[in-house]
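Engineer: A structural model of the following input is requested.
(2 chains)
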Amino acid sequence: MAKQQLVITQLYPSQMNIYGDNGNAQIIRRRAELYGYQTKTMAYNSYDDIDALTQADLILGGGGQDSGQRAILKDLQRIRPTLLSLAEGKVPMLMICGLYQLFGHYFTTRDGDKLDGIGLFDMVTVGGDRRLIGNAVVDSEEFGELIGYENHSGITTLGDNQASLGQVIQGYGNDGHGVDEGAVRYAAVGTYLHGPVLSKNPRLADWLIMRAVERKFGKTKLTPADETTRAELAKLDRFIDRARTVAKSRPQ
Amino acid sequence: MLLVSWIGKIIIALSRGLGRGHGSALPGLVVEKLYPNFLGRLLGRLPDGVVLISGTNGKTTTTKIVADLLRTDGYRVFTNTSGSNFTRGVISAALSQMKRGKLEADIAVLELDEAYATRFVDQVRPRYALLLNVFRDQLDRFGEIDHTADLLKYVAEKTSGVVVLNEDDPRIRRISRDAQVKAKIAWFGYDGQASQYYTSDDELHSQKVVASKSVSKQSVRVVGLNDNVATYQLADETRSVKLRLFGIHNALNCAAALSLVRQIEGDKFAMERVVDNLGKIRPAFGRGEIILVGDASVQLILVKNPSGFQLSLNSASGSPVMIAINDAYADGRDVSWLWDVSFVGLANVDYVSGVRADDMAIRLTYDGVPCANIETDISVATRRFVKKLGRGDGQIFATYTAMLKIRDVLEQMSNEVNNG
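Structural biologist: Numbers count the residues shown, from 1 in each chain, chains lettered A, B, ... in the order given. This next block holds a predicted model:
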């Protein structure tokens, strides 16, 4: 029997891909394969064919510089309705840093420019005057302890009914005061965490794959494809456990 | 000047006596307080002026190349050694070389970190600046890549004579169009057969190929690369040389050095002689240096950022590999950058080490590269790795503080072997 296929689409990879965020796509691809799925990776850049989005089973977006954010703004408004309807349709999404900010209502830069977002998350961001940098630990009900690396100057405020990804244990979080971090709506997750975030948080990675698999094939469980892939996943788990312990012990 | 230099020298002697390394920051700090324009006064007297070299990758090696080339041609060169590429480090380096209150040099060739370079040019206007490249590096220190390019633009604006620019780096090339830059512009780059080996930062991060360069006949270019034989072209003249330096990126740094030295030497510059001299230059500290331990030959390669790591891997020899990743401030605390490097070209890695050994192991595993041994203790890993080499060659890729540690261990091992 031919393997079932998942389409993984990277959103604006030409502009929004700093701090190793491309790694998230690689991790999703590899883990999905270890669970027995074939993967196809697509890229959606400005003015590309919208099929790359509508065919996606999972959408990933990364961080970018201010200049990268400006470059995609116009196109982002063009695809806004598509992204919102995909999100409502529970397509899993992971948006990091720069694209996380633009999944809110808007981002006002330090120069006072207002960059319009798509408003999937009920939140607004303002450019701050210091960079919030360091190893971060976030406690999430759904995903356990999330470990990553923050590097942003935007200050993000969530609306009253907007769920966060979790509570900050170490680090600055959304608003720089170490309260909450990230946002979740439908199956879309936004966060400031790099690392890339999925490298040390396999639960989050598997949750995204699970949502995609559930939606497309009605499956409710991820199981290793065979003994070899089971061993490979176990090996990764060992490395990840130790890397998490080390990251938590490092200075912020 | 005489008094200040004495005070500085005394502090250097004291801090060495106290075992504080080479005392590279403290004397600079004190002298800066006592004599605020010390550097400006001291370096302003040099007959051939000050050369400033900056950029993300290749500062240390290029500075060494330029200094070595000029020395061979008879210049008395003052230069700062690696690890002191900030203003106070330059002061300390100057103090230790001063005699009777004077710096006996014709020209200063200084490597400066992008952020420190802007502070330096406020004190000392360089006659020459060589701006190598801007890659995404050490973002946790400088913020974003465009900001780093702005720092270098400021350096160009403050340069009085000639600014040497990389024609293949779009952010560096753009500096030539800045109205505030009054200096003459000279170029270096790559072309022809050598082009296939190089990528700019934008190309590294997207599939798109960046627009072709403007053609200046006066650019010094590396046009051919075959093993370690590099071919350089200036106008209609082409010369080849076998380099001892490691890696294709250093072949490009040599083009940068040639273009700069040509500007400094003027009519005295002869392509044939200077290219020949390139072949005599040995790698700088930890930058492809080869250290012999008994019958084993270990090459130590500093990696600081994705582009540098990728370029070094492209020059990997196929011999056994160890990778050591630390996350101290000097290494960069964020290890995300390892995910912007592709390791698929490696058949396997013998040892991963350093504080972030497990992060590296995760990275390699997702790239399908087996790693046989994970040992966070750098001393232990280095010893075991070298032992396994027997009579063979090996390569160690290491971040800055890991490289320093490994170098110590290798020297220790080498002494142990020699002493019996």
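
Engineer: how about the helices in the stretch 1-150 of chain A?
Structural biologist: Here the stretch 1-150 of chain A has its helices, by DSSP state H, counting those that start in this stretch, at A:22-34, A:51-54, A:66-88, A:97-102.

Engineer: got a list of contacts for the second one?
Structural biologist: Residues outside helix A:51-54 that contact it (C-beta atoms under 8 Å, 6 or more residues apart in numbering or on different chains) are A:9, A:11, A:42-44, A:59, A:79, A:82-83, A:86. C-beta here means a position set from N, CA and C on the backbone, and glycine is covered the same way.

Engineer: these into JSON lines, with extra columns for distance to chain B, pLDDT and neighbour count?
Structural biologist: Output for the contacts of helix A:51-54, formatted as JSON lines (distance: C-beta to the nearest C-beta, whole Å; pLDDT from 0 to 100; neighbours: other C-beta atoms under 10 Å in any protein chain shown):
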{"residue": "A:T9", "distance to chain B": "15", "pLDDT": "97", "neighbour count": "26"}
{"residue": "A:L11", "distance to chain B": "13", "pLDDT": "96", "neighbour count": "27"}
{"residue": "A:M42", "distance to chain B": "13", "pLDDT": "96", "neighbour count": "17"}
{"residue": "A:A43", "distance to chain B": "8", "pLDDT": "95", "neighbour count": "16"}
{"residue": "A:Y44", "distance to chain B": "13", "pLDDT": "96", "neighbour count": "25"}
{"residue": "A:I59", "distance to chain B": "18", "pLDDT": "98", "neighbour count": "27"}
{"residue": "A:I79", "distance to chain B": "19", "pLDDT": "97", "neighbour count": "21"}
{"residue": "A:T82", "distance to chain B": "22", "pLDDT": "98", "neighbour count": "14"}
{"residue": "A:L83", "distance to chain B": "21", "pLDDT": "98", "neighbour count": "22"}
{"residue": "A:L86", "distance to chain B": "24", "pLDDT": "98", "neighbour count": "22"}
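
Engineer: can I get those residues in TSV including distance to B:D267?
Structural biologist: Formatted as TSV, these follow (distance: C-beta to C-beta, whole Å):
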residue	distance to B:D267
A:T9	59
A:L11	56
A:M42	58
A:A43	53
A:Y44	56
A:I59	61
A:I79	60
A:T82	65
A:L83	63
A:L86	67
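
Engineer: and the residue in the stretch 151-252 of chain A that chain B sits nearest to, what is it in contact with?
Structural biologist: Ranked by C-beta to the nearest C-beta, the top residue of the stretch 151-252 of chain A for proximity to chain B is A:A243, at 3.8 Å. Applying C-beta under 8 Å, 6+ apart, one finds that A:A243 lies in contact with A:199-200, B:356, B:358-359, B:361-362.

Engineer: quick check: the farthest pair among those?
Structural biologist: A:K200 and B:A361 (12.1 Å; C-beta to C-beta).

Engineer: ok, and the most crowded of the contacts of A:A243?
Structural biologist: A:S199 (30 neighbours; other C-beta atoms under 10 Å in any protein chain shown).

Engineer: and the residue of the stretch 301-420 of chain B found nearest chain A, how many neighbours?
Structural biologist: In the stretch 301-420 of chain B, the residue that lies nearest chain A is B:W339 (3.1 Å; C-beta to the nearest C-beta). Residues near B:W339, counting by other C-beta under 10 Å, number 27.

Engineer: next up, the contacts around it.
Structural biologist: Contacts of B:W339 by C-beta under 8 Å, 6+ apart are A:20-23, A:26, A:196, A:199, B:363.

Engineer: one more pass at 10 Å, please.
Structural biologist: Residues in contact with B:W339 (C-beta atoms under 10 Å, 6 or more residues apart in numbering or on different chains) are A:19-27, A:194-196, A:198-199, B:306, B:359, B:362-363, B:366-367.
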